[in-house]
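**Student:** give me coordinates for this.
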Amino acid sequence: MPYLTAASEISSIVAEYTKVKTLWIDTEVADYQSRNPRLSLIQVLDDPTDMSGDRVYLLDVLNQPDMVVGFVEQIMMNPAIEKVFHNANYDIKFLGSKQAKNITCTLEIAKKIPYYLLPLPNYQLKTLATALCRFNYIDKQEQNSDWGKRPLSEGQIEYAYLDCIYLAQVHLQLLELQVASTPDPTQEDLTAIAARYTEMEEQWKLLNSEFEHLQERLKKAMQAQNVSETSFCKLTSYERKTVKVPFAELVKLVQNQGVSLDFPVTLTQKLQKDLGQNLEQLSVDIDTTTSWRLSPKNQESDD
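**Tutor:** Prediction:
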């Protein structure tokens, strides 16, 4: 885990990174809760097979704005290099913001994978690394340590380089899950899918029925016992107001007061029927969409 502080060393490794296709990147920020957060470290890994940390470079850019600018211009703005982050929106605020190109976010990948394939309470890097890679994740307290203080502690340095290793391994595992969750529809086994679908449909009906029933019982019991919160749920009330006005009055108001009120109105089938032939006098835009619905076929008896 080479730890680089000299500008010449940082510039040299950044130049090397311009030749690779993918980089796994993390950052550490000093004074992150203040109005003036400062980029402290840029951690970079260029080989996802590295589990030792030898290929993780820690670039100490604290109070070296020229080094940050060079990294942004040569790496972040380069569309030929894929940059992998976890919660990329946070990191790229310090690394080029909207100028950054070809960004991959493992947090966003995880969110798009169906829950049954990735049943986790959250998609933090720690959670993903533990579940997908069986890593014994290092204590997160180092993340909240003082990254503006020098020299960095051994614990901070270890935390910084390990996060890149976790990130790369989580990324590889998520890519496999992504493929598993989006198979080629032209190659799908319809018989196998239909059988599983039918099996799950019956289970879902039973579970959903019980879930909704228990939910209603819980709400009624908590209201009756005047309990607003338990160890596993909270009961809150809210009011939803709907403002209605006779359409004729609205039209009259618009005409009399000269109110600028022009917007499309969706005509339900009933309204279309009520308008009858008068509909032909209106400028009508018709949007046509195609939806697909699965419906079970009645199983015929073999008798």
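
**Student:** pLDDT below threshold where in the stretch 101-250 of the chain?
**Tutor:** 137-143 (pLDDT under 70).

**Student:** in it, which spans are helices?
**Tutor:** With helices called from DSSP state H, counting those that start in this stretch, the stretch 101-250 of the chain shows them at 106-112, 125-133, 154-181, 190-224, 247-257.

**Student:** those into JSON lines, with extra columns for distance to residue 86?
**Tutor:** C-beta coordinates here come from the backbone N, C-alpha and C atoms, glycine included. As requested, the helices of the stretch 101-250 of the chain are exported to JSON lines (distance: least, CB to CB, whole Å):
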{"stretch": "helix 106-112", "distance to residue 86": "5"}
{"stretch": "helix 125-133", "distance to residue 86": "5"}
{"stretch": "helix 154-181", "distance to residue 86": "6"}
{"stretch": "helix 190-224", "distance to residue 86": "32"}
{"stretch": "helix 247-257", "distance to residue 86": "51"}
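
**Student:** for residue 150, the count of nearby residues, please.
**Tutor:** Residues lying near residue 150 (other CB atoms under 10 Å) number 12.

**Student:** please report how far it lies from residue 64.
**Tutor:** Distance of residue 150 to residue 64, computed by CB to CB, to the nearest Å: 12 Å.

**Student:** also residue 213?
**Tutor:** 62 Å.

**Student:** so for these two, which sits in the more crowded spot?
**Tutor:** residue 64 (16 against 10).

**Student:** my guess is that one contacts residue 7, does it?
**Tutor:** Yes. With contact defined as CB atoms under 8 Å, residue 64 and residue 7 form a contacting pair (6.3 Å).

**Student:** please enumerate the strands of this protein.
**Tutor:** 3-4, 22-30, 38-45, 56-60, 82-85, 103-105 (DSSP state E).

**Student:** want to throw those strands into TSV with mean neighbour count?
**Tutor:** Below are the strands of the chain laid out as TSV (neighbours: other CB atoms under 10 Å):
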stretch	mean neighbour count
strand 3-4	18
strand 22-30	23
strand 38-45	23
strand 56-60	24
strand 82-85	22
strand 103-105	18
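
**Student:** so which of those comes closest to residue 196?
**Tutor:** Residue 196 lies closest, by CB to CB, to one member of the strands of the chain: strand 103-105, at 30.8 Å.

**Student:** strands paired with the closest one, and their directions?
**Tutor:** Next to strand 103-105 in the sheet, as set by DSSP bridges, lie strand 82-85 (parallel).
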